[in-house]
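Enquirer: quick one: sequence and predicted model below, then my questions.
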Amino acid sequence: MAVAALMLTAAPVWADPPKRVRPARAVAPDSLALPEPPPPLPFCLAALPTPAFVPPDFTREPPPTPSLGTRVVEQVNALGRRAEETHDRLERGIMQQVLRLDDFFGKANNPKDLHTAYLLRWRNSLRWQEGSGFDVGSTLRANLELSRINDRLQLAISGAGKPDQVTPSLPEDPGNPGFDRTLRNTRIVNTELRYQLMRLPHSDLFLGTGFDLAIPPEFFARGRYQRLDRIGQDYLLHFAETIFVKNPDGFGETTEIAAERSLDPKTLARIALSGTVSQEIKALEWGTELSLLRELSARSAVTLVGGVYGNTSIDDWVTNYRIAATYRRNFLRRWLFYELEPQVTWPRKEDGRFTTTFALTLRLEVVFQGNERKLVPPP
């Protein structure tokens, strides 16, 4: 019995050890329960930042919507920037072509400072005249200084689809077809090469030759001398003489005399006379103008003109009277100008009467210019 009791109370050495019972974990109430942690992200996504959630702020007001005026101003500014970029690109392109022309024909044998430049004016006009309605015209004039070819050489190009000024005025460029008459030709496109024989501070003499782009081409040549003298402190005297020949019109001559007086630092009075005799006219074509020029600001000016024009081939020599006022202003860009010119003329009819005619002209002018200096090394 004793042996049996000992066997029952003694555990065999090969029996499994008793299992340890894990005590039950206390469960927190529902109000204090913590959420289970989320499973770990894959390695490829674990490095990406987790966007923070920002609750919307309903107390902030939405940004104001730009007004119609503000949007219009922004569009106008954007259009102005594009226009400025386009104009600069055209100026650089024209300058490159002028330099290419100067370098192609020119050859510098001595080192010197060469000056290549150009000035181009493009004018568009809208004109209303009593009895004729509206008319549109366009003119283009360019002057090129080609110093690499020769420092006294210039190339002038003139073109007009229709005359910018259809009423009489003094010749703008005597000897140049289309600009040598008080009443300009209807259509003219020409090219002229000028050589400066003399270039002094108060006098200038050049020879020019060129041709009209017409079928058949018409050639012309001229020599022009002009001088400017100061008389006292307030007077300037201008004299110019031009001798020209045109094919097939023949020879001609234009004389110009003008006197200017400064009334104050911003006001100038001017009287000018001009006369042209040629085999084409068969008479003396003349004109005289009295002008008053006034600078209104650094960007605007006004000119008042009164003129009388005539031809010695008629009985009383007078063919037209004109009174005009021109307001010119630089606006928006440094290279953009507009002009407003109302005028009244009294042209002579076939029966000898002078009738009153009103006209109004609006012009828009775009200016392109370039200037480059370079030192040519010795060969």
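Expert: Received it, and whenever you're ready, just let me know what you need. Numbers count the residues shown, from 1 in each chain.

Enquirer: which residues of the stretch 201-350 of the chain fall in helices?
Expert: Taking DSSP state H, counting those that start in this stretch to define them, one finds no helices in the stretch 201-350 of the chain.

Enquirer: which stretches in it count as strands?
Expert: Under the criterion DSSP state E, counting those that start in this stretch, the stretch 201-350 of the chain carries strands at the ranges 203-212, 218-231, 235-246, 250-264, 267-278, 284-295, 300-311, 318-330, 336-345.

Enquirer: out of these, which is closest to Glu91?
Expert: strand 336-345 (13.1 Å; Cβ to Cβ). Backbone N, C-alpha and C define where each C-beta goes, glycine included.

Enquirer: check which residues of the helix or strand immediately after that closest one in the chain are buried.
Expert: Moving toward the C-terminus from strand 336-345, the next helix or strand (DSSP states H and E) is strand 357-375. With burial defined by 16 or more other Cβ atoms under 10 Å, the residues of strand 357-375 counted as buried are 357, 359, 361, 363, 365-368, 370, 374.

Enquirer: the host helix or strand of Met198: partners in the sheet, and parallel or antiparallel?
Expert: Element membership of Met198, judged by DSSP H and E, is strand 188-199. Counting by DSSP bridges, the strands paired with strand 188-199 are strand 153-162 (antiparallel), strand 203-212 (antiparallel).

Enquirer: so for the first one, what gets flagged as buried?
Expert: Taking 16+ other Cβ under 10 Å as the neighbour-count basis, strand 153-162 is seen to contain the buried residues 153-160.

Enquirer: ok, stretch 76-96 next?
Expert: 87, 91, 94-95.

Enquirer: over to stretch 95-105?
Expert: Under 16+ other Cβ under 10 Å, the buried positions of stretch 95-105 are 95, 98-99, 101-103.

Enquirer: among the residues you listed, which are located in helices?
Expert: Per DSSP state H, helices hold the following members of those: 95, 98-99, 101-103.

Enquirer: closest to Gln129 out of those?
Expert: Using Cβ to Cβ, those come closest to Gln129 at Val98, 37.7 Å.

Enquirer: who's the closest residue to that closest one other than its chain neighbours bridged to?
Expert: Spatial nearest neighbour of Val98, chain neighbours left out: Tyr118 (5.0 Å); criterion: Cβ to Cβ, 6 or more residues apart in numbering. Going by DSSP bridges, Tyr118 is paired in beta bridges with Leu144, Gly370.

Enquirer: quick one: low-confidence residue ranges for the stretch 251-379 of the chain.
Expert: Scanning the stretch 251-379 of the chain for pLDDT under 70 picks out 374-379.

Enquirer: how much space between Glu130 and Ala359?
Expert: 7 Å (Cβ to Cβ, to the nearest Å).

Enquirer: so where's the stretch 1-150 of the chain uncertain?
Expert: In the stretch 1-150 of the chain, residues with pLDDT under 70: 1-63, 106-114.

Enquirer: show me where it has strands.
Expert: Using DSSP E, counting those that start in this stretch, strands in the stretch 1-150 of the chain cover 113-129, 133-146.

Enquirer: now tabulate those strands in TSV and tack on distance to Glu285.
Expert: Below are the strands of the stretch 1-150 of the chain laid out as TSV (distance: least, Cβ to Cβ, whole Å):
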stretch	distance to Glu285
strand 113-129	22
strand 133-146	21
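
Enquirer: make TSV out of the ones you listed and add distance to Asp180 and mean neighbour count.
Expert: Below are those laid out as TSV (distance: least, Cβ to Cβ, whole Å; neighbours: other Cβ atoms under 10 Å):
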stretch	distance to Asp180	mean neighbour count
strand 113-129	19	17
strand 133-146	14	17
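
Enquirer: for Thr303, which of the ones you listed is the nearest?
Expert: strand 113-129 (15.9 Å).

Enquirer: now the angle from the closest one to strand 336-345?
Expert: 50 degrees (axes from the mean of the first three to the mean of the last three Cα atoms, to 10 degrees).

Enquirer: now strand 113-129, how far from the centre of its chain.
Expert: Distance of strand 113-129 from the chain centroid (Cα atoms, centre = their mean, to the nearest Å) equals 9 Å.

Enquirer: what helices or strands is that strand leaning on?
Expert: Under the contact definition 3 or more Cβ pairs under 8 Å, 6 or more residues apart in numbering; DSSP states H and E, strand 113-129 sits against helix 68-105, strand 133-146, strand 357-375.

Enquirer: nearest to Thr267, of the ones you listed?
Expert: strand 357-375 (23.2 Å).

Enquirer: now the closest one against strand 318-330, angle please.
Expert: Using the same axes, to 10 degrees: strand 357-375 against strand 318-330 is 50 degrees.

Enquirer: distance from the chain centre to strand 357-375, please.
Expert: So, by Cα atoms, centre = their mean, the centroid of strand 357-375 is 7 Å from its chain's centroid.

Enquirer: now swap in stretch 67-74 and tell me
Expert: So, by Cα atoms, centre = their mean, the centroid of stretch 67-74 is 26 Å from its chain's centroid.
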